[in-house]
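# just the structure for this:
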Amino acid sequence: MLEKIRQAIAFEVYAASVTQAGDVTYFLARHGDDKLVGCVGAGEIAGEPAGQIGGVEVLLGPTDHDNARALRQAVPWTAPRLVGLATSAGLGDRLGLATPGHVRAVRGTGVAPVFAQQSIREMTRTQRTADEVLDCATWGVFQEGYRDGFGSDADHLQQLGDVSVTAAAGFTQFTIDPGQFVEDQADEFHVDLLADYFEKLDFAALQTTAADLTRAY
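Now for the predicted structure:
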C-alpha cells in the first residue's frame, strides 16, 4: 500500500504512519515544508482529492485541529491515554517539532512517555494553546507509527479555568500547582510557629481534621 500511495500522490509518505482502520488507510505525507494527512477511502479527515488507487479516491488534507481530532477518533493510538502507575517520563515538546525524536528515544525502553506535557505558563510564553500542544503530539506519534500509548499532562495548573480548557482539549493528566499557597519561609520557622500555622489551616476546605492529617502523615 505504501508504494501505491506514493505513486498516487507523488509526495513523500512517512512509511511508519500508514495505518489501516477498517476499510480506510490513513497516512502522513510531506510536500516541501508542509505535512499533510491523507486517507484512502471514505475516512474521517477533511481534504481534497489527490489521486486514486484501484478506483478508490485518495484525499489529502491539512494537519490542522479538526483533522487531528478526526484522526484521534479513527486511529485511537494517536490519542493520549491514562498512564497510571507505569514508569513514565515527561517529554514536553515546547515547540511542537520534537515528538518524532522523543518517540525514537523511548521506543523499546518500556517507559511510558508523556509526549504532550506543558504548563499554562509555558503555553502563554510560547503563544500556543492546549489544543495545539495535544495536536502536535498526535501528529508526531502518527508520523512515527508509535502504537504503545502515551500520556498527556496539563502541568502546573493553578486556576480552575485552566483545568477546564486542558480537559476540553483532551489532556488525560492534570498536575495541580499549589505554589501560591506555600509558605516559602517555613523551613526557617520555629516549631511553635509551625504548629500555629498548622492549627490555622482551613481543615473544612481540605475535608479533613488536624488529627486525621497528623495520623495520615
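# can you tell me how far the residue sitting furthest away from the middle of the chain is from residue 166?
Distance from the C-alpha centroid of the chain peaks at residue 192, with 45.4 Å (CA atoms, centre = their mean). For residue 192, the distance to residue 166 under the criterion CB to CB, to the nearest Å works out to 41 Å. (Glycine included, C-beta is placed from N, CA and C.)
# so the residue farthest from the centre of the chain is in which element?
With secondary structure defined by DSSP states H and E, residue 192 is part of helix 191-199.
# quick one: average pLDDT of the top helix by length along the chain?
Assignment by DSSP state H gives helix 130-144 as the longest helix of the chain. pLDDT averaged over helix 130-144 equals 98, rounded to a whole number.
# C-terminal to the helix holding residue 192, what's the next element?
helix 203-206.
# next secondary structure element downstream of that next one?
Using DSSP H and E, the next helix or strand after helix 203-206 towards the C-terminus is helix 210-216.
# not counting its own residues, what contacts that next one?
Contacts to helix 210-216, defined as CB atoms under 8 Å, 6 or more residues apart in numbering, come from residues 198-199, 201, 203, 206, 208.
# and of the residues you listed, the nearest to residue 63?
The shortest approach to residue 63 among those belongs to residue 206, at 44.5 Å (CB to CB).
# report the distance from the helix holding residue 192 to the chain centre.
Shown here is helix 191-199, whose average C-alpha point lies 41 Å from the average C-alpha point of the whole chain (CA atoms, centre = their mean, to the nearest Å).
# contact partners of that helix?
Outside helix 191-199, the residues that reach it (CB under 8 Å, 6+ apart) are 183, 186, 189, 210.
# could you pick out the buried ones from the residues you listed?
For these, a neighbour count by 16 or more other CB atoms under 10 Å gives an empty buried set.
# now, which of the residues you listed lie within strands?
Applying DSSP state E to these, no entry is found in strands.
# give me the subset of those lying in helices.
Applying DSSP H to the contacts of helix 191-199, the entries found in helices are residue 210.
# would TSV of the contacts of helix 191-199 with pLDDT be doable?
Putting the contacts of helix 191-199 into TSV (pLDDT from 0 to 100) gives the following:
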residue	pLDDT
183	88
186	91
189	94
210	93
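# tell me which element the residue nearest the centre of the chain falls in.
The C-alpha lying nearest the average C-alpha coordinate of the chain belongs to residue 116 (CA atoms, centre = their mean; 3.3 Å). Using DSSP H and E, residue 116 sits in strand 112-119.
# which strands or helices does that strand pack on?
The criterion is 3 or more CB pairs under 8 Å, 6 or more residues apart in numbering; DSSP states H and E, and the helices and strands that strand 112-119 contacts are strand 88-90, helix 99-106, helix 130-144, strand 151-157.
# check the burial of residue 133 by counting its neighbours.
25 (other CB atoms under 10 Å).
# right, I mislabeled it, should have said residue 94
Neighbour tally, residue 94, other CB under 10 Å: 14.
# likewise residue 139?
Using other CB under 10 Å, residue 139 has 21 neighbouring residues.
# how about residue 158: what's its closest non-neighbour residue?
Once flanking residues are discounted, residue 158 sits nearest to residue 177: 5.1 Å by CB to CB, 6 or more residues apart in numbering.
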